[in-house]
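just need the structure, nothing else, for what follows:
(one chain, ligands or ions: 2)
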Amino acid sequence: MNACDFRGIGLLGAPTGVGAGVKGTRHGPQALRANGLLEGLRGAGWPVTDWGDLPKPGKISLSEDEPSTFAVKDWQQVLGWNLAVFNAVSQVLQHGQMPLLIGGDHSVAVGSVSAVAAHCRATGKRLKLVWLDAHADFNMPHTSPSGNAHGMPLACLCGLGPPALAQMAGFPQAVAPADVSLIGVRSIDAGEQRLLQQAGVHVFSMAQIRQLGMHETLRLALGDHGPDVHLHVSFDLDFLDPVLAPGVGTPVAGGPTQEEAFQCVRHMAAFGQAGSIDLVEYNPAKDPGGMTARLAVELLQSLLPALSAGGIRV
Ligand SMILES: NC(=[NH2+])NCCC[C@H](N)C(=O)O
Ligand SMILES: [Mn+2]
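Numbering: from 1, shown residues only. Ligands and ions are numbered 1, 2, ... in the order given. Below you'll find the model as predicted:
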């Protein structure tokens, strides 16, 4: 199923900040709606079903104490949120809708991408994952300098991390590291650097993007464009330069300009295979005038492929 096979977008909020050190992302979904998210998506021609925000998960009973989780802050809640996101995104896919998960901190991408991975396996699709981020999010609990789960989701999705997260899709790796491209990165911890290299994830740092240009970066990142490809875009707003997008908890200077950011999302829209999206790390407490939220909505509009091309089945 590619973008044009979906019956509209299924919007889902995960209002949590349990995976982040700086608090505030739990108000992200409501603030994005208040800044015109639904109108923006509908204005781009997409039917949108708003499934609302997931409720805070209840206490989960852990069957065993897995030692690797001891170093993860708020482990039980991180797992609870991800199980809830996994179930909800799976349901959106069952409805034939393109999931758009809005965070919340980036740890929720484990549940989201795992659900997409299970769907791809069931429907014979090859999952490609583009991770737009200032950070690598490739820590394991033992390499993390902070213990914050939002620094770990991409490692989990490549099968590295506590099994309850790393195998949530139902198999050892939600996505093959060779099918992952990390774009925009400019802050990598020493331990995750080693893990990234061992795993073989494609890393496009900001320095490399400046050499290659954004279009060539995306061309290399996306590779072949077969009908069996499902592209998942996990968009951390700290990918953007903080001058443009101050509304995040862990900003890092030196990110893409507005023009580069639009080139990036337009290239992915033209690729035509985007089938699921996360938009995460929006922190309205850091965005008093709402400029980050409004830019996020415009970028999402440009990321969605034009419907007229393939005709949406409604
Ligand atoms: N999704 C994010 N904002 N991640 C920030 C991670 C920062 C740092 N590398 C850590 O592991 O703590
Ligand atoms: Mn991130």
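
please make it C-alpha for all contacts and neighbour counts, starting now.
Will do.

buried set for stretch 114-130?
Neighbour counts over stretch 114-130 (16 or more other CA atoms under 10 Å) mark 114-120, 125-130 as buried.

just the closest of those residues to ligand 1, please.
Closest to ligand 1 out of those is Val130 (13.9 Å), distances taken as CA to the nearest ligand atom.

please see if stretch 132-149 touches ligand 1.
Yes - counting by CA under 6 Å from any ligand atom, ligand 1 is contacted by stretch 132-149 at 135, 137, 139, 144-146, 148.

would you mind listing which of those residues are buried?
Buried among the residues of stretch 132-149 next to ligand 1 (16+ other CA under 10 Å): 135, 137, 139, 144, 148.

switch those over to JSON lines; also include secondary structure and pLDDT.
Output for those, formatted as JSON lines (DSSP: H, G, I helix; E, B strand; the rest coil; pLDDT from 0 to 100):
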{"residue": "His135", "secondary structure": "strand", "pLDDT": "98"}
{"residue": "Asp137", "secondary structure": "coil", "pLDDT": "99"}
{"residue": "Asn139", "secondary structure": "coil", "pLDDT": "98"}
{"residue": "Ser144", "secondary structure": "coil", "pLDDT": "98"}
{"residue": "Asn148", "secondary structure": "coil", "pLDDT": "98"}
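
tabulate these (a markdown table), appending distance to Trp81.
Below are those laid out as a markdown table (distance: CA to CA, whole Å):
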| residue | distance to Trp81 |
| --- | --- |
| His135 | 22 |
| Asp137 | 18 |
| Asn139 | 19 |
| Ser144 | 20 |
| Asn148 | 14 |
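
give me the phi and psi angles of Val48.
phi -130, psi 130 (degrees, to the nearest 10).

check Trp131 too.
Note on Trp131: backbone dihedrals following degrees, to the nearest 10 are phi -110, psi 100.

distance check, it against ligand 1.
Between Trp131 and ligand 1 the computed distance is 10 Å (CA to the nearest ligand atom, to the nearest Å).

repeat that for Gln30.
19 Å.

per-residue pLDDT, that residue?
Here, the pLDDT recorded for Gln30 equals 98.
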